[in-house]
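Enquirer: Quick one, structure for this:
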Amino acid sequence: MAAAVTVTLAIPQHSSDQRIESNYRQPKIRKTIISGGFNSKALPNTISTSTHVAAPLAGDEDEKENRRDGVNRGVRILNKAERRLKQAVDNLHIVDHQGIVPDSITYACLLERCITMKAIIEGNRLHVHMIKTGFNPGLYLENNLLTMYIKCGNLWNARQVFDKMRKRDEVSWSAIIAGYARNGHGSESLYLFREMQDSGIEPDEFTFVSILKVCATMESLEQGKAIHASMIKMELESNVYLGSVLIDFYCKCERLVEARTVFDRNSVPDVVLWSAMISGYSQQGYGEEALVLFYEMQKAGMDANKFTFSSILRACAGLGCPEKSRQIHAYIVKAGFISNVYVGSALVDMYAKCGSMTDAHQVFDEMPERGVVSWTALIVGYEQHGFGEKALILLCQLQKEGVKMDKFIISSALSACRNLGAIQHGKSIHARVIKTGSDTDTFVASAIIHMYANCSAIESARQVYDRLPKKDMVVRTAMLAGYSKYGHNKKAFDIFQQMHYAGMKPDQFACACVLSSCASLVTLEQGRQVHACIVRSGFEFETIAQTALIDMYSKCGRIEEARQVFDEVLQIDVILWNAMIVGYSKHGLGMEALQLFEQMHKLGMTPDDVTFVGVLSACSHAGLIDEGRYYFDSMSRDHCIAPKVQHYACMVDLLGRAGCLNEAYDLIKKIPFDPDAAVWGALLAGCRVHANMGLGKVAAEHLYELEPHHSGNYVVLSNMYAASGRWDDVEKVRKKMKDRGVAKEPGLSWIEINHKVHTFLAGDRSHPQTKDIYTVLGILAKHMKYAGYVPNTNFVLHDVEEEQKEHILGLHSEKLAIAFGLINTPPGTCIRVVKNLRVCGDCHTATKFISKIVGREIILRDNNRFHHFKDGFCSCGDYW
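Expert: Prediction:
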């Protein structure tokens with residue numbers, strides 16, 4: 001038997017420059033293992049070059065074909081290199097059988113190739129081979145193994161190698177700290193950094209860069225300051241690269257003063273430092289300071305680079321100043337950066353954010369090379385400025401050119417479909433997303449859910465939601481918002497509860513959505529629970545949450561609690577003022593609404609068009625005719641706000657309720673655009689109150705054209721005819737409804753008792769407590785009659801006997817709900833009832849009597865406003 005051949009290994013000496021000694025004894029064996037199966041030149045520059053230019057000019061087919069060939073060649077070379085690497089590692093096992101032991105340089109060469117190609121499988125095989133053969137790798141190879149695992153994303157194996165190292169140098173520590181930092185494990189990076197310092201090894205420049213980036217991401221100001229102090233001790237603060245990272249750290253921690261101090265301490269800042277400081281100002285919204293520093297940079301004779309231009313363009317976008325943007329644009333052209341894809345994309349984004357879509361598209365068209373960022377900037381710009389059609393046209397162009405859609409493009413395209421109601425386009429994009437496998441991305445999935453929900457395809461939205469393997473807060477909030485918007489309030493509550501069960505902390509947007517559902521159902525107790533959740537989560541002072549709370553308490557009949565939330569606000573913006581003014585308006589508290597508006601004006605707050613909708617509505621509900629006329633004229637005279645259709649609708653409603661029907665009709669004729677259904681509906685409502693059949697018919701005819709399937713318009717006119725005894729005309733209206741397939745919306749009333757909503761129809765006998773409810777109604781009827789109540793049978797719009805009319809009136813849905821509330825709540829407590837239609841006059845009168853008889857406050861919300869009944873009176877003053 002032949003004796004085993006033993007190769008004498010030249011173990012690398014770990015000198016300060018970490019180089020391996022080049023002397024070794026058997027170059028032929030090494031060549032057999034490496035060169036025979038692996039050519040180190042198998043990855044030429046062709047690959048990186050070809051992928052860099054993979055976005056050809058539109059229309060240049062020859063150029064596109066050449067570049068495709070370049071990419072294909074690169075892919076073939078890469079595949080060949082991978083096969084040679086695998087063969088090289090296979091050769092290790094061949095020489096094992098021949099009794100040959102590879103040396104450290106062989107392992108080093110192969111590991112370096114694994115690192116370059118991120119070949120985790122072959123790298124792991126090399127590691128296993130070292131262990132099986134009992135090879136002692138030494139510090140240099142251990143660092144290579146560590147780097148290989150980190151670069152390939154296998155932190156577990158990297159940590160195993162690190163923990164088993166008998167000796168570690170700054171390279172080892174830097175590699176493992178950087179690995180954890182890049183993979184989002186900031187806390188572990190900080191722990192290892194402290195361990196490194198405790199072991200007596202001084203961090204180098206690369207370690208400081210990694211750990212400062214971790215502190216920036218985690219906004220760990222104090223730890224970052226301590227690291228800065230260590231850098232000063234080691235006299236590294238003057239290092240330009242470290243200085244730029246320090247500036248970035250302080251800026252992300254919102255400490256711009258400290259960032260500027262670092263910048264100013266550097267005696268000769270280079271373009272990297274200038275760019276870092278300009279970027280910091282820009283990211284934190286200090287656009288003017290960024291521009292001033294940019295001009296100082298020019299005066300200092302420092303040439304800007306692509307990162308400088310990108311940052312300053314972001315600052316211009318934040319300022320929304322097209323003129324300064326054009327100046328920077330001219331400077332970019334002069335500096336020769338206009339053809340740079342990075343700068344070009346920033347220009348497109350800047351013009352788009354400034355609202356100059358024509359300029360943005362022109363820059364886009366003139367770009368010699370366009371990347372996905374350029375496409376994203378333009379598509380997002382068009383979508384955000386309301387040009388959804390153009391965004392979708394661009395999306396088709398992008399697909400034809402073979403550019404891969406990223407999640408931001410997909411989200412914007414779906415948003416355009418959502419706003420346009422273009423569900424078929426949305427379905428097409430959804431299908432493409434499924435093909436590319438992006439449908440499980442929660443950011444994309446939430447956009448799909450929003451699109452389907454806004455297009456009234458709530459079931460399709462739920463199917464997307466249910467298929468997701470993981471549901472984060474964004475996805476759950478999207479589904480919750482869809483349910484809340486379209487009245488699926490119970491399902492919205494279910495999603496909200498699922499968030500809690502999943503251990504998630506709902507954000508203010510989720511809470512605002514579920515509060516909207518509470519407001520719709522008047523589920524006060526659930527609304528209070530959400531309020532407590534908001535307080536626990538720490539965003540009770542956020543505008544979105546505060547506005548939702550004011551709206552919820554107002555719509556649940558607790559206007560005092562709404563005002564309490566308003567008064568506790570630290571910084572009130574116009575949105576919150578509007579919410580409170582509208583709340584007072586809905587409760588018929590016109591003078592309170594106007595006083596709040598005057599207070600807002602005295603504090604220097606600028607009202608917007610929504611403010612005046614609230615003010616005019618308050619005047620309408622309270623019958624403040626002169627005040628309404630004054631504020632309507634004041635809009636354009638004092639505040640330069642042109643009245644919109646909502647303001648005209650409020651004025652027509654105000655005049656109509658007051659009986660000034662001809663003035664209301666004249667105002668409609670003067671509207672500079674086509675009146676909508678809200679305007680004609682307000683006139684019809686006024687005609688109903690004052691029995692003006694002529695104008696009522698005119699208003700109804702316009703409504704039939706605008707809303708041919710809205711049952712309420714037919715019902716109001718039919719009721720007007722019925723109240724006048726014109727039963728033939730009533731039949732004509734009903735026949736028209738039948739011919740057009742219009743069904744009358746049933747009157748519903750509901751009440752919340754012990755966190756459960758109970759709903760009633762007129763004459764309903766389906767409730768388990770029906771017997772008790774009808775008994776209470778009978779008792780109340782006797783007390784009411786004794787107190788002077790006389791049923792107003794004019795509100796029974798059926799051609800039946802008077803006694804039958806009285807019976808029908810006694811079983812209206814709101815009366816059933818009030819009786820149920822009396823049975824199931826303690827004496828003296830307030831009863832809150834909601835009705836989906838306008839409360840009828842007889843029920844309004846009856847509820848005043850009931851409130852006095854039982855000594856309770858009864859709050860009734862119909863589809864127009866609130867009625868607070870107490871001691872026989874209503875807050876509306878019988879004006880509604």
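Enquirer: Show me the shaky parts of the stretch 1-150 of the chain.
Expert: Applying pLDDT under 70 to the stretch 1-150 of the chain flags residues 1-82, 93, 95-101.
Enquirer: Quick check: which element contains the residue nearest in space to the middle of the chain?
Expert: What sits nearest the mean C-alpha location of the chain, by C-alpha atoms, centre = their mean, is Val474, with 7.2 Å. Assigned by DSSP states H and E, Val474 belongs to helix 473-485.
Enquirer: how far out from the middle of the chain is that helix?
Expert: Computed by C-alpha atoms, centre = their mean, to the nearest Å, the chain-centroid distance of helix 473-485 equals 10 Å.
Enquirer: surely the residue nearest to the centre of the chain meets Ile448?
Expert: No. Here Val474 does not reach Ile448: they are 11.9 Å apart, not a contact under C-beta atoms under 8 Å. Any C-beta I mention is one placed from the backbone N, CA and C, and that applies to glycine too.
Enquirer: quick one: which helix or strand includes the residue lying closest to the residue nearest to the centre of the chain once chain neighbours are set aside?
Expert: Spatial nearest neighbour of Val474, excluding adjacent residues (C-beta to C-beta, 6 or more residues apart in numbering): Ser446 at 4.7 Å. Assigned by DSSP H and E, Ser446 falls within helix 442-454.
Enquirer: ok, now how distant is the residue nearest to the centre of the chain from Ser516?
Expert: According to C-beta to C-beta, to the nearest Å, Val474 and Ser516 sit 18 Å apart.
Enquirer: any idea of the angle the helix holding Ser446 forms with helix 473-485?
Expert: Relative orientation of helix 442-454 and helix 473-485, computed by axes from the mean of the first three to the mean of the last three C-alpha atoms, to 10 degrees: 10 degrees.
Enquirer: which residues are contacting helix 442-454?
Expert: For helix 442-454, the external contacting residues (C-beta atoms under 8 Å, 6 or more residues apart in numbering) are 407, 410-411, 414-415, 417-419, 421, 423, 426, 430, 433, 438-439, 458, 460-461, 464-465, 468, 470-472, 474-475, 477-479, 481-483, 485-486.
Enquirer: I'd like the mean pLDDT over whichever helix or strand comes after that helix, please.
Expert: Sequence order places helix 458-467 as the next helix or strand after helix 442-454, per DSSP H and E. Mean per-residue pLDDT for helix 458-467: 93.
Enquirer: got the angle between helix 458-467 and helix 442-454?
Expert: Using the same axes, to 10 degrees: helix 458-467 against helix 442-454 is 160 degrees.
Enquirer: Identify the residues contacting Lys852.
Expert: Contacts of Lys852 (C-beta under 8 Å, 6+ apart): 787, 871-872.
Enquirer: swap the cut-off to 7 Å and go again
Expert: The contact partners of Lys852, by C-beta atoms under 7 Å, 6 or more residues apart in numbering, come to 871-872.
Enquirer: Can you tell me which of the contacts of helix 442-454 are buried?
Expert: Buried members of the contacts of helix 442-454, counted by 16 or more other C-beta atoms under 10 Å: 407, 410-411, 414-415, 417-418, 423, 426, 430, 433, 438-439, 458, 460-461, 464-465, 468, 471, 474-475, 477-479, 481-483, 485.
Enquirer: which other helices and strands contact the helix or strand that comes right after the helix holding Val474?
Expert: The element immediately downstream of helix 473-485 (helix or strand, assigned by DSSP H and E) is helix 489-501. Contact analysis of helix 489-501 by 3 or more C-beta pairs under 7 Å, 6 or more residues apart in numbering; DSSP states H and E lists helix 473-485, helix 508-521 as its packing neighbours.
Enquirer: Any chance of a markdown table for those, columns mean pLDDT and distance to Thr308?
Expert: Formatted as a markdown table, these follow (pLDDT from 0 to 100; distance: least, C-beta to C-beta, whole Å):
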| stretch | mean pLDDT | distance to Thr308 |
| --- | --- | --- |
| helix 473-485 | 92 | 33 |
| helix 508-521 | 90 | 36 |
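Enquirer: Compare those and give me the one nearest Gly527.
Expert: For Gly527, the closest of these is helix 508-521, at 3.7 Å, according to C-beta to C-beta.
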